[in-house]
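Chemist: Predicted coordinates and the sequence they were generated for:
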Amino acid sequence: MVIAPPEVTRAGPGAAGPGPDGALSSIRQRRRAAARAAVAVALGVALAVACLPLGVLPKLACAVLDAGCPDGAAPAGRLPERIRLTPLEAAQSGAYVGLGDSYSSGEGVYDQDTRPVNDGADRCHRAGGSYVPVVARAYRFAGGTSFYACSGATTGQLLTGQWGQRPQIDRVGPAASLVTLSIGGNDTGFSRVLTACIAKLPWSSACVDQDAAVTGRIERLRADLLRVLRELRGRAPAARIVVLGYPRPFPQDPVASVDNLGVADQRWLNGVTRRLNDAVGSVVRDFDRAIAAFGGAGSAEYVDAYEAFAGHEVGRPQPYLNGLALDMDPLAVNARSYHPTGEGYRRFAELITRQIAAGPGRPLNNFRLAAP
């Protein structure tokens, strides 16, 4: 009796049997699964970083992973196109938030009889004649406009609040695409400095004698302003932050005394304004270079307003700054003194709207997705 040997069944090249070929196939399958998982993780990270709409995820999964496709639909094999936003598109894509001190709030045109712009405007002297409402009318912002600049604000008060109001910084959130502000003048003590200059005896050097103290405050401002920019950036990581400087208050070459300020006093006050602007501008530009170096969205942009009122300084026939204004009952200096007039705020609005259109002078890393 001859017993036939058992039939041997060989695994095909693609089978996952126990032989060498099957083991190799199993390894390949595991590698493909791992690759798909890695791609899925990368896509998830990209979505989180880029803040892409949630509806984009199924399309990407279908195109790249061949997963989650509608019944009967084959993966398109193409990703949505990533398009860089222009400066204007980036600014208008969300909400516009106007912050800052009296040069932003509208102190120079504020009227106690005018209906407050919003809650707390009567304490912060927010006026409809400021540049913020003008800019808001010039462009259409997808997330609307909010205006919370406050007269007298320092960098510290912008972060902690004043007059019992919420901190200005709390008004900024992830939806903000544009933030404008002027800040630093009160940190430098400019109002007190100017008052001391005006109240001095005509032959006194009390005005320029403040130079050392003012220089020290300007240097300390650098760290405080950097903290403000970091806070704004943390709250609105894709926003364009536009910081407005201060105008030269007196003619470049004064020829006569104004408000008890001699020629030397006026030149010194012009110089203080220049140094203040240089410090603010330096901090803002350095901050923007850091954003660009890391490929971050948004920007920090400085608008130099030092020459903005040239030909219209205090003492000129048609000044864009109020000179010394006194209230007679009781006798006191009115807060609008040495703050922009209506023409001055409109000039500020021109500078800001021009900057919004021009951008930071470098490509922005703000993008949108377009269907393939």
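Modeler: Now that the structure is in, tell me what you want to look at.
Chemist: all strands in the stretch 101-250 of the chain, in order from the N-terminus.
Modeler: Taking DSSP state E, counting those that start in this stretch as the test, the strands found in the stretch 101-250 of the chain are 145-147, 176-181, 240-244.
Chemist: Among these, single out whichever gets nearest to V132.
Modeler: Closest approach to V132 among the strands of the stretch 101-250 of the chain is made by strand 145-147 (4.8 Å; C-beta to C-beta). Bear in mind the C-beta positions are built from the backbone N, C-alpha and C, glycine included.
Chemist: Give me the contacts around the closest one.
Modeler: Residues outside strand 145-147 that contact it (C-beta atoms under 8 Å, 6 or more residues apart in numbering): 95-98, 117-118, 126, 130, 132-133, 136, 171.
Chemist: Report the contact partners of K200.
Modeler: K200 sits next to 206-207, 260 when contact means C-beta under 8 Å, 6+ apart.
Chemist: circling back: would you reformat the strands of the stretch 101-250 of the chain as CSV and include mean neighbour count?
Modeler: Formatted as CSV, the strands of the stretch 101-250 of the chain follow (neighbours: other C-beta atoms under 10 Å):
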stretch, mean neighbour count
strand 145-147, 20
strand 176-181, 26
strand 240-244, 26
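Chemist: Could you break the protein into its assigned domains?
Modeler: Following automatic domain parsing, one finds the domains of the chain at 20-79, 87-366.
Chemist: quick one on the thing from earlier: among the strands of the stretch 101-250 of the chain, which is nearest F367?
Modeler: Ranking these by proximity to F367 (C-beta to C-beta) places strand 176-181 first, at 13.2 Å.
Chemist: Poorly predicted segments of the stretch 101-250 of the chain, please.
Modeler: 112-120 (pLDDT under 70).
Chemist: what do you get if the cut-off is 90, keeping everything else the same?
Modeler: 110-123, 163-165, 191, 195, 198-204 (pLDDT under 90).
Chemist: The contacts of strand 145-147, buried ones only, as a ChimeraX selection?
Modeler: In ChimeraX, this line selects whichever of the contacts of strand 145-147 come out buried by 16 or more other C-beta atoms under 10 Å:
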select :95,96,97,98,117,126,130,132,133,136,171
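Chemist: Which parts of the stretch 251-372 of the chain are helices?
Modeler: Applying DSSP state H, counting those that start in this stretch to the stretch 251-372 of the chain gives helices spanning 263-293, 342-358.
Chemist: Show me what the spatially most central residue of the chain is bridged to.
Modeler: Note on the chain: the residue nearest the mean C-alpha position is I241, at 1.5 Å, using C-alpha atoms, centre = their mean. With DSSP bridges applied, I241 shows beta-bridge pairing to V179, A300.
Chemist: Contact partners for it?
Modeler: Contacts of I241 (C-beta under 8 Å, 6+ apart): 179, 181, 229, 232-233, 284, 298-301.
Chemist: what's the burial count for V258?
Modeler: 21 (other C-beta atoms under 10 Å).
Chemist: sorry, that was for P247
Modeler: For P247, using other C-beta under 10 Å, the count is 24.
Chemist: how much space between it and L201?
Modeler: From P247 across to L201, the span is 28 Å (C-beta to C-beta, to the nearest Å).
Chemist: Over to G245?
Modeler: On the measure of C-beta to C-beta, G245 and L201 end up 32 Å apart.
Chemist: More neighbours: the two, which one.
Modeler: G245 (24 against 8).
Chemist: Kindly compare burial across the domains of the chain and name the winner.
Modeler: Neighbour counts averaged per stretch over the domains of the chain are highest for domain 87-366, at a mean of 19; criterion: mean count of other C-beta atoms under 10 Å.
Chemist: Please state the offset of it from the chain centre?
Modeler: Here domain 87-366 is found 14 Å from its chain centre; the criterion is C-alpha atoms, centre = their mean, to the nearest Å.
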